[in-house]
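Student: 3D, please:
(one chain, ligands or ions: 1)
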Amino acid sequence: MKMARNILLVDDEAQWLRALSVTLKRRVPEAHVDTCMDGRQVLERMQSKKYSLVLLDLTMPFRSGEDILQDIKLNHPNCRVIIVTGVNEIDSAVRCMKRGAYDYFNKAGEVEALVGSVRRALEVIGLEANLEQVRESFFDRELKRPDSFKEIISCEPAVLDRLRYLEVIASSPAPVLIIGESGTGKDVFAKALHQLAYPEQPFEVISLTSMSLEQLRVTLFGSVSLEGGDTPGLVQLAGSGVLYLDEIGELSMDAQSQLVELLEHNQYFPVGAQKPVCSECRIVASSSHDLKALHQQGRFRGDLLYRLNAHELALPPLRERRLDIGLLINHFIDIAAQELNRERPLQPSNLANQLWGYGFPGNLLELKGMVFDAVSRSDNYKLNISAFAEAIQSGANNRQQQLSISFGEQLPTLAEANKALVDEAMSRTASNQTAAARLLGISQSALSRRLTKE
Ligand SMILES: Nc1ncnc2c1ncn2[C@@H]1O[C@H](COP(=O)(O)OP(=O)(O)OP(=O)(O)O)[C@@H](O)[C@H]1O
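Tutor: Numbering: from 1, shown residues only. All right, here's what the predicted structure looks like:
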């Protein structure tokens, strides 16, 4: 964000202007400082180059600083202005503050105070620019890097929000914690972050389930020996890529303490080493347990938890993203047919609907297993759905229970009930007509007709 550091100094006193410019270039080297001696040219200069901060003298020939301030606030409302005054101009400086100046400085004062004010202003401007960037990328409905999410199939607004969040945090160096029930796609999201931010760098994984303290130290940190023959650990192998700590909630408290130093100071001691080594990798951790609950039970260290969840991504279970079921079945059929070297069978049109009430305790992994089983038993193009039979039955039972709609004394008209159903489906799918039509069991054109009639 280069523009955040462009400063324009406006003053008709050539000597002061030169001295201030030299001071700022030396004391605030990250800033790009330009000067302007003629108040009439300020707006023109700001048109041809973006300035985020203007240091403005109050008394100049042709145009007063107060007038110029007004113009700047009108045409460049995000630009900060620091008023530079003579000794007897405090009243007008105060007026300028009321009209939106960021700060004022008395020329007779210590230049140190002015440097401090410039630094603070640049910091605020930088923070605002970052915030704006985060806000823009988060609310921009389009994904900027869809190519990084090729492995992630979804049309659910909740999942797409997670992808946008991943894009936003990709460039941050802070750790990421991915939480979700088993099979919800934690590994896939960790790999997507790697693709987004460090595609040329390594991706190292360690599964922390039943890992002892000693195993953890050797595997993660490696070892050095006096006779040579050092063994690198995964932190070193990950280089400036990603180290993925899978199932971190399974680690013992002892073993957890080894990770605190790594996360806090980005350094670690290989086994047998006297000196710490710096780590450069991005840490991504996952857990299918609720780490905050584990912490409350005294089974997970608070200092580790709060360092890990600088960015937290909670993945919804499949039962809360039912719109994806049909898409995922198709996707898994593709993969299964290819891996099992079979003709690609077709998905029966009502399969996803039949599975509607099923809870999928094993999430996408369970669905994938069912599809692989069904494809392996398929006959030519016909998908054998016996692998789904139990789930379909259980789904039908649940659906029956959930469908027992209760009515008040006065029944709604058919038109009212229709409208209520359509509204509910549109709201559940964030107004995605294709998805809403699927929920209602009608074609998209039929839904579209109903919507235009309303
Ligand atoms: N959105 C998705 N689109 C397509 N396939 C997916 C998606 N999410 C997950 N999968 C697939 O589902 C399976 C389970 O995903 P994954 O292993 O990432 O889940 P997990 O939460 O890490 O599971 P566990 O907790 O058991 O390690 C994988 O085969 C993965 O490729």
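
Student: any idea which element whatever residue of the stretch 251-400 of the chain ends up closest to the ligand lies in?
Tutor: Residue nearest to the ligand within the stretch 251-400 of the chain (Cβ to the nearest ligand atom): residue 364, separated by 3.7 Å. Every C-beta, even on glycine, is put in place using the N, C-alpha and C of the backbone. Secondary structure assigned from DSSP states H and E places residue 364 in helix 363-376.

Student: show residues contacting that helix.
Tutor: 180-185, 317-318, 325, 328-329, 332-333, 335-337, 339-340, 342, 345, 360, 362, 383-388, 391 (Cβ atoms under 8 Å, 6 or more residues apart in numbering).

Student: just the buried residues of it, please?
Tutor: Going by neighbour count (16 or more other Cβ atoms under 10 Å), the buried part of helix 363-376 is 363-364, 366-368, 370-375.

Student: widest-spaced pair of those residues?
Tutor: Of all pairs drawn from these, the one with the longest distance (Cβ to Cβ) is 363 and 375, at 19.1 Å.

Student: helix or strand right after the helix or strand bottoming out on mean pLDDT in the chain?
Tutor: The helix or strand of the chain with the poorest confidence is helix 389-402; it has a mean of 71 (mean pLDDT, DSSP states H and E). Where DSSP H and E defines the elements, the next helix or strand beyond helix 389-402 is helix 414-428.

Student: buried residues in that next one, which are they?
Tutor: 419, 422, 425-426.

Student: try stretch 85-101
Tutor: 85, 89, 92-93, 96, 101.

Student: for the record, mean pLDDT for that stretch?
Tutor: Stretch 85-101 carries an average pLDDT of 81.

Student: what sits against residue 361?
Tutor: residue 181.

Student: in a strand, that's where it is, yeah?
Tutor: No. If the criterion is DSSP: H, G, I helix; E, B strand; the rest coil, then residue 361 is coil and not within a strand.

Student: look up how far residue 181 lies from it.
Tutor: For residue 361, the distance to residue 181 equals 8 Å [Cβ to Cβ, to the nearest Å].

Student: likewise residue 352?
Tutor: Counting by Cβ to Cβ - residue 352 and residue 181 are separated by 20 Å.

Student: which one of the buried residues of helix 414-428 is nearest to the ligand?
Tutor: residue 425 (22.3 Å).

Student: check which helix or strand residue 178 maps to.
Tutor: Counting by DSSP H and E, residue 178 is found in strand 176-179.

Student: again, but for residue 100
Tutor: Judged by DSSP H and E, residue 100 forms part of no helix or strand.

Student: with adjacent residues omitted, what lies nearest to it?
Tutor: residue 73 (4.8 Å; Cβ to Cβ, 6 or more residues apart in numbering).

Student: for that neighbour, list the residues it contacts.
Tutor: 81, 99-100 are the contacts of residue 73 under Cβ under 8 Å, 6+ apart.

Student: swap in 10 Å and give it another go.
Tutor: By Cβ atoms under 10 Å, 6 or more residues apart in numbering, the residues touching residue 73 are 79, 81, 96, 99-101.

Student: related to what we said a few turns ago, which of the contacts of helix 363-376 count as buried?
Tutor: Here, 16+ other Cβ under 10 Å leaves 180-181, 183-185, 317-318, 325, 328-329, 332-333, 336-337, 345, 360, 362, 383, 385, 387-388, 391 buried among the contacts of helix 363-376.

Student: contacts with the ligand among these, please.
Tutor: Contacts with the ligand within the buried ones among the contacts of helix 363-376, counted by Cβ under 6 Å from any ligand atom: 180, 183-185.

Student: closest one to residue 149 out of the residues you listed, please.
Tutor: residue 185 (11.0 Å).

Student: from this protein, which residue is nearest to the ligand?
Tutor: residue 185 (2.8 Å).

Student: shouldn't that residue be in contact with residue 152?
Tutor: Yes. Using Cβ atoms under 10 Å, residue 185 is in contact with residue 152, at 7.0 Å.

Student: any shared contact partners between these two?
Tutor: 159, 162, 191-192.

Student: so which of these are in helices?
Tutor: 159, 162, 191-192 (DSSP state H).

Student: what does the stretch 101-250 of the chain have sitting close to the ligand?
Tutor: So the stretch 101-250 of the chain meets the ligand at 151-154, 180, 182-188 (Cβ under 6 Å from any ligand atom).

Student: just put those residues in CSV and tack on pLDDT and secondary structure.
Tutor: Listed next are these as CSV, based on pLDDT from 0 to 100; DSSP: H, G, I helix; E, B strand; the rest coil:
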residue, pLDDT, secondary structure
151, 91, coil
152, 93, coil
153, 91, coil
154, 89, coil
180, 95, coil
182, 93, coil
183, 95, coil
184, 96, coil
185, 97, coil
186, 97, helix
187, 97, helix
188, 97, helix
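
Student: nearest to residue 12 among these?
Tutor: Among these, and counting by Cβ to Cβ, the member closest to residue 12 is residue 152, at 59.7 Å.

Student: go through the buried residues of helix 414-428 and name the one nearest residue 66.
Tutor: The closest of those, once distances to residue 66 are taken by Cβ to Cβ, is residue 426, at 53.5 Å.

Student: if I read this right, residue 106 contacts residue 57, doesn't it?
Tutor: No. Between residue 106 and residue 57 there is no contact under Cβ under 10 Å: 11.9 Å.

Student: how's this protein carved up into domains?
Tutor: Listed by automatic domain parsing, the domain ranges of the chain are 2-136, 146-316, 321-404, 414-454.

Student: dig out what residue 312 forms beta bridges with.
Tutor: residue 177 (DSSP bridges).

Student: pretty sure it sits against residue 179.
Tutor: Yes. Residue 312 is within contact range of residue 179, at 6.6 Å (criterion: Cβ under 10 Å).

Student: identify the contacts common to these two.
Tutor: Common neighbours of residue 312 and residue 179 (Cβ under 10 Å, 6+ apart) are 291-292.

Student: out of these two, which sits in the busier spot?
Tutor: residue 179 (20 against 15; other Cβ atoms under 10 Å).

Student: any idea of the pLDDT on the closest residue to the more buried one other than its chain neighbours?
Tutor: Setting aside the residues directly before and after it, residue 179 is nearest to residue 314 in space (Cβ to Cβ, 6+ apart), at 4.8 Å. pLDDT for residue 314: 95.

Student: let the chain start at 595 from now.
Tutor: In the new count, where the first residue is 595, that last one comes out as residue 908.

Student: how much space between residue 908 and residue 914?
Tutor: Taking Cβ to Cβ, one finds residue 908 at 11 Å from residue 914.

Student: can you check residue 901 too?
Tutor: Distance from residue 901 to residue 914, by Cβ to Cβ: 29 Å.

Student: OK, contacts around residue 874?
Tutor: Contacts of residue 874 by Cβ under 10 Å, 6+ apart are 767, 795, 829-830, 832-835, 860.

Student: which of those residues fall within strands?
Tutor: Using DSSP state E, no member of the contacts of residue 874 sits in strands.

Student: report the buried members of these.
Tutor: Judged by 16+ other Cβ under 10 Å, buried ones among these: 795, 829-830, 832, 835, 860.
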